[in-house]
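K.L.:
I'd like to go over a predicted model; first the sequence, then the structure.
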Amino acid sequence: MTRNTISQKCKGARDLLPEDTQAFRFIEDAFRKSCLSWGYKEVRTPTLEYMHLFTAAGTLTPNMLSKVYSFLDWDGWSGERVVLRPDGTIPVARLYIENLRQNEVARLFYVTNVFAFEETGAENRERWQCGVELIGSNKPASDIELVSMAIATLRQLGIKDIQVQLSHAGVLNALLDELKLNSDEEVRLLDKILDGNWQAFTEALPKGSELSRLVSLLLDFTGKTSGFLENLKAMPQLSANLKAALSNFAEIAGLLDSLNCRYRIDITSTRGFEYYTGLCFQLSTHGHKIGSGGRYDNLIPLIGGPKTPACGFALYIEPLADLIQPETRKATGSEIIIRCEASTAAALKTSFKLAGALRQAGLAAVLDFDSRQQGQCQTVIVQDAASFIIIDPSRNLKKEASSIAEAVKTVGGPA
Amino acid sequence: MSTKKNDMIKLALPKGRLLPATARLLAETGLEFGDYTPGTRAYRLKSARLPSVSAKIFQEKDIPVQVAVGNYDLGICSLDWIEELLTRYPTSAMLKVADLEYGKGDLYLAASRYGNIAGLKDLSAGSNSWRIVTEYPNLAEFAALSLRLRRFRVFPVWGAAEAYPPENADLALLWTKSKAELQAQGLVPLKALMPSHVFLIANRDSWRTKNVGRIISYFSRALEMKDKPWLKIRAKSVKSSDGFRPDSDEEKIWLALPDGHQQPPAADVLIRAGLKVDGYSENGLSRRPVFKESWIKAKVIRPQDMPLQVANGNFDLAITGKDWLLDHISRFPASPVRELVDLGFGKVRVVAVVTQEFPADNINQFKQVQDGRASTIRVASEYINIADKYLRDNHVGRYRLIPTWGASEAFLPEDADLLIENTQTGKTLAQHELKILDTILESTACLVGNSNSLGSSFKREKIASLVEIFRRAVEDN
């Protein structure tokens, strides 16, 4: 240990220790397995992207953009900035446009890190997520597919009491349209709403109007079935856009009802992402946010692709890793220690040969030349090429073997 | 820390534009500093009345950084530079203490009256990548993001931002005293970003732990005065630079000419080359000088900004220094900018400098001394990219770069450990009790161009002929 114990790790960065990595892997593996079983294909996108991909109107809010890690590359004399990927969906949308647009429907998933500045440095500036994108379908069934898939994956991770909150960006946008603001004012109000300031919205409404009554019904109540939305839809003097958005919302909620999927409707649960156009959903358990998703039909045309409907979701790995039970984490078996007591070339060769044979048999073998490995693991002591002692503390067993084959057999023998 | 040292209060005061009014304010309140006068050569000032108060004179741009890093307890500078820092680094340890009300102006996003941008609406149309020139790159990026510009590129410049639109940039973000001044420069204001006037700022830790209140009370007294003579001191107006002439369709070669002390020798080279030009003499300097050869279009900008402009094809040729070319190449190694002709004048050396007491005579010894100290080296330089590369190449471990905007020699030893600076004779450095550790570059003025021959064969031929004209002028000398 050096005297200087001040960490040299960047502020807001995190080391994943073996135990953390094991939990991360467990989540990723379960997620991959789940996605493959739903017919999704895995992709990876670069860590660096051009900033203009994210500045296109309606992709990320200015508040999110102000936290993006952006810089000039070594060939950035043109002033074109690059960013550390601040979001998982937009790069996948770009990947789709550039490589997969001939596919009518693309089902893609990824495990990726995203970067966002966080002032105190107490929270992670680099975060990991498991993402899914279903590109090319505008059917409510697609929204349902994603909600179901997210819940199924979380259940496989052993997460209990999953809460689903539903909101609808189309309803929100239709309400904003009713205010008849100029584009500058509308953008500013939307920014506030997406940053969670719903009061700004109610303040912008004309007092005592039909609209303000409708909005207060929307904001003040949270519904638990599609009936709530049907009631809203029946209100007088709704614009065509608002009616269409509410119908879409009600249809999806109705389908979830028929699948016995429980949810809460909370229009204020939409946060952060300006690119959502339809259903938005948030996943949580006991107050921990563990995932979110939604429909983004305008994103692909906004970044230069053809008009393509799409939706997706992401599960947040860090909070999930904290929630996973210790017994779930310990998925892998323990390793076998090979202790080589003689330091001759022949003994060394035998140890490596034995380790190779154990690995071939599907076991993990650790070579120990320093006699430092301790604990409850099975240990094979190599005395020479024809003399091995096998110790298994858990079975309270000590046996001898006279060949590598016999040693492997004894180790791998019945517990 | 001894109590005595803790009682010392250090102020960062601006030079240039704000100096006369600031000096007057300080004098009126009884906080005057002896040598704080226009044209002063002193950097370190002692309070005439309070022995525990000292001050240093900085370029205005440097002051928010100096206060934020804690080198100075208090500083005086205008809001635009404060916000330029806070926009990018919102957690800077600096707070605004008082609005001192003078030095009033506004930051505007503006376009040229002669271009095709008349209002903000024009910026959201089409798929242009808007070129924004500015001395405030952080504020420009922030403004572009909040205006939802889909694509934009920010070109930071050292000055003369008003000269670029419409031909060499689409937009300029700049400080101006008034809308009228902006219009006199041929610009149309698109959006007022913020009003800017002078503030008293404090370092956050000084504010928490030191008695800076006794100094602040001098300023409070000033703000409560009925008569505030310093408000009447006006900074000099910039000259109108609206020399725009509409173009014929004929293709042009864009040449960037240097302002400042490089201007007279550059004008001399033009004469020797037999090129006739109006508006590029010390008496009659225009931002848009006119060549007799109608295919040459010229603008007068800062030599520091030229390599980046040539790399982007905003100018075809430029007269700048090898120092600024190297600074550009150090940052962008794949840049297409090349030196075409060595013009010979403006000879300076770019050197690594420390104080005379520093126990090292070359960069290796410097590194050894610093390695022993295990502290982060503070490196001040105008040539931030040359400095960065130089330190990397010499395997200097932990260093922090402090960008400066001139008068860097004042930074040693209190506010920096090492300086990367230019010098002609070394005399100024010796006067400030500094010594040279290493020479990084011998620089002279040069003509630079873009190695990706952009444009038509006409353009390439004309560029080649102009390069030939300059080469002969230098050889004949």
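P.N.:
Structure's in. What do you need? Numbers count the residues shown, from 1 in each chain, chains lettered A, B, ... in the order given.

K.L.:
low pLDDT regions in chain A?
P.N.:
A:1-5, A:57-58, A:271-273, A:326-333, A:372-375, A:413-415 (pLDDT under 70).

K.L.:
What residue spans form the domains of it?
P.N.:
According to automatic domain parsing, chain A is divided into the following domains: A:18-327, A:336-412.

K.L.:
highest average neighbour count across these?
P.N.:
domain A:18-327 (a mean of 18; mean count of other CB atoms under 10 Å in any protein chain shown). Placement of C-beta: from N, CA and C, glycine included.

K.L.:
Tell me which of the domains of chain A lies nearest to B:P165.
P.N.:
domain A:18-327 (15.3 Å; CB to CB).

K.L.:
Is there proximity between stretch B:402-410 and chain A?
P.N.:
No: on the criterion CB under 8 Å from any CB of the partner chain, stretch B:402-410 is out of touch with chain A, staying 14.7 Å away.

K.L.:
which bits of the stretch 151-300 of chain A sit near chain B?
P.N.:
Counting by CB under 8 Å from any CB, the stretch 151-300 of chain A sits next to chain B at A:V187.

K.L.:
Distance from the chain centre to stretch A:45-61, please.
P.N.:
19 Å (CA atoms, centre = their mean, to the nearest Å).

K.L.:
got it, and stretch A:83-102?
P.N.:
Stretch A:83-102 sits 16 Å away from the centroid of its parent chain (CA atoms, centre = their mean).

K.L.:
got the end-to-end distance for it?
P.N.:
28 Å (CA to CA, to the nearest Å).

K.L.:
check whether it contacts chain B.
P.N.:
No: using CB under 8 Å from any CB, stretch A:83-102 never reaches chain B; the gap is at least 11.9 Å.

K.L.:
Spatially nearest residue to whatever residue of chain A ends up closest to chain B, not counting backbone neighbours?
P.N.:
Residue nearest to chain B within chain A: A:G79 (3.1 Å; CB to the nearest CB). Closest residue in space to A:G79, ignoring its immediate chain neighbours: B:R153 at 3.1 Å, by CB to CB, 6 or more residues apart in numbering or on different chains.

K.L.:
just the strands in the stretch 1-150 of chain B please.
P.N.:
When assigned using DSSP state E, counting those that start in this stretch, the strands of the stretch 1-150 of chain B occupy the ranges B:9-14, B:44-46, B:53-58, B:74-78, B:94-99, B:105-112, B:130-134.

K.L.:
For the ones you listed, could you give me CSV that also reports distance to A:T45, mean neighbour count and mean pLDDT?
P.N.:
Below are the strands of the stretch 1-150 of chain B laid out as CSV (distance: least, CB to CB, whole Å; neighbours: other CB atoms under 10 Å in any protein chain shown; pLDDT from 0 to 100):
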stretch, distance to A:T45, mean neighbour count, mean pLDDT
strand B:9-14, 46, 23, 94
strand B:44-46, 54, 15, 90
strand B:53-58, 45, 24, 93
strand B:74-78, 43, 27, 96
strand B:94-99, 38, 17, 94
strand B:105-112, 33, 22, 96
strand B:130-134, 27, 24, 96
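
K.L.:
circling back to that earlier point, the helix or strand harbouring the residue nearest to A:G79: how far from the chain's middle?
P.N.:
In this assignment (DSSP states H and E), B:R153 forms part of strand B:152-156. Remark: strand B:152-156 is offset 16 Å from the chain centroid, using CA atoms, centre = their mean.

K.L.:
Let me know the angle separating it from strand B:130-134.
P.N.:
Note on geometry: by axes from the mean of the first three to the mean of the last three CA atoms, to 10 degrees, strand B:152-156 and strand B:130-134 are set 20 degrees apart in direction.
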